[in-house]
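Asks: Sequence first, then the predicted structure, then my questions.
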Amino acid sequence: MEFSQFKNKIAVLKTQKIGGLTAQLKLAPSVRLKYNIDEIAAYNPKKAAVLAIFYPNKKKQAVFLLTKRANYKGTHSSQISFPGGKIHKEDTTLQETALRETYEEVGISPGSVEIVRVLTPVYIPPSNFLATPFIGSTETMPSFLRNYEVAEIIEVLVSDLLDDATLATVNITNTYMDNRTVPCFMLNGYAVWGATAMMLSEIKELLKCSFK
C-alpha cells in the first residue's frame, strides 16, 4: 500500500466505527479473557498511553512503527510494543502522554504528528496498566533517535498487518505464564502478542473497514 492511499483515507479513519473490545479479544491471551470491566475497575489500574504512528518509508509505502523494548528486570522486558508509557503529572491528557513518550523514546516531534483518533483502552494484567492507544500520522519518514528504553526500531508494512497470513500462535513462558500458547501477529520476524497484538487487531479491523 502506498502512503498516499493511507493519507487519502484519514478522514474516513476518523469517523469509521471501531471494533472495540470485540476486535481486541481476537488476539488476547487466555489469561486476559478472565477480566471483565468491573474487575478491571476494582484493580484501579495505572493510566498509560501509546502511539501507533503511520508514515511513508523510503519507498513511499505506508508503514507503522513498533519498538523492541530494552532488556531489563521488569515485566515487559524485550517485548514488542508501540512507543508509549505511563501518564506523568505534567500531562494534561492521555494524548499528550502518548506524544511525549513517543518523542522521548524514538525522537518523533509531537508537532509533526497528526492525531487521527483514539482507540479502545487495553488492560494489561501483569503490570496493572490501562493503556489507551492513539493512531497518529506524519507525512515524512521520521529521523529516529532511540533512548535507553528502546533496543530496536521495527518498521512494519501496513500491507503485512492486513494480510491474514501474518496471524499465528506462539508459546510464551515468563513471570506470569508457563508455556502458554497465545495468538500473535508475525511481523518482520517478530511475534507480536499481548496488549500490542490486541491493539493491532482493532487497528487492522478499522483499516479493513475504511479501505473497502
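Replies: Perfect, I can see it now. On a predicted model such as this, the values are computed, not experimentally measured, just so you know.
Asks: Tell me where the protein has strands.
Replies: 46-56, 62-69, 80-81, 84-86, 114-118, 122-124, 129-137, 150-157, 167-172, 180-187, 190-192 (DSSP state E).
Asks: K17: which of the ones you listed is closest?
Replies: Distance to K17, taken as Cβ to Cβ, is lowest for strand 114-118 among those, at 11.0 Å. Glycine gets a C-beta too; all of them are placed from N, C-alpha and C.
Asks: so where is the protein shaky, pLDDT-wise?
Replies: Scanning the chain with the threshold set as pLDDT under 70 gives 72-77, 175-176.
Asks: Just give me the neighbour total for Q5.
Replies: Residues within reach of Q5, counting by other Cβ atoms under 10 Å, total 12.
Asks: D160 versus that one, what's the distance?
Replies: When Cβ to Cβ, to the nearest Å is the yardstick, Q5 and D160 sit 15 Å from each other.
Asks: Ok, S30 next?
Replies: From S30 over to D160 the distance is 25 Å, taken as Cβ to Cβ.
Asks: Out of those two, name the residue with the larger neighbour count.
Replies: Ranked by neighbour count (other Cβ under 10 Å), S30 and D160 place D160 first, with 16 against 11.
Asks: Could you save the strands of the chain as CSV and add columns showing mean neighbour count?
Replies: Formatted as CSV, these follow (neighbours: other Cβ atoms under 10 Å):
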stretch, mean neighbour count
strand 46-56, 22
strand 62-69, 22
strand 80-81, 23
strand 84-86, 20
strand 114-118, 16
strand 122-124, 22
strand 129-137, 23
strand 150-157, 18
strand 167-172, 15
strand 180-187, 19
strand 190-192, 20
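Asks: Out of those, the one nearest D38 is which?
Replies: strand 122-124 (11.8 Å).
Asks: quick one: contacts of the closest one?
Replies: 24, 32, 35, 40, 45, 129-133, 194-195, 198-199 (Cβ atoms under 8 Å, 6 or more residues apart in numbering).
Asks: Quick check: the farthest pair among those residues?
Replies: Most distant of the contacts of strand 122-124, by Cβ to Cβ, are Y35 and P133, 17.6 Å apart.
Asks: got the strands of the chain as a markdown table, with distance to K208 columns?
Replies: Compiled in a markdown table, the strands of the chain are given as follows (distance: least, Cβ to Cβ, whole Å):
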| stretch | distance to K208 |
| --- | --- |
| strand 46-56 | 15 |
| strand 62-69 | 14 |
| strand 80-81 | 22 |
| strand 84-86 | 24 |
| strand 114-118 | 16 |
| strand 122-124 | 19 |
| strand 129-137 | 14 |
| strand 150-157 | 15 |
| strand 167-172 | 13 |
| strand 180-187 | 14 |
| strand 190-192 | 18 |
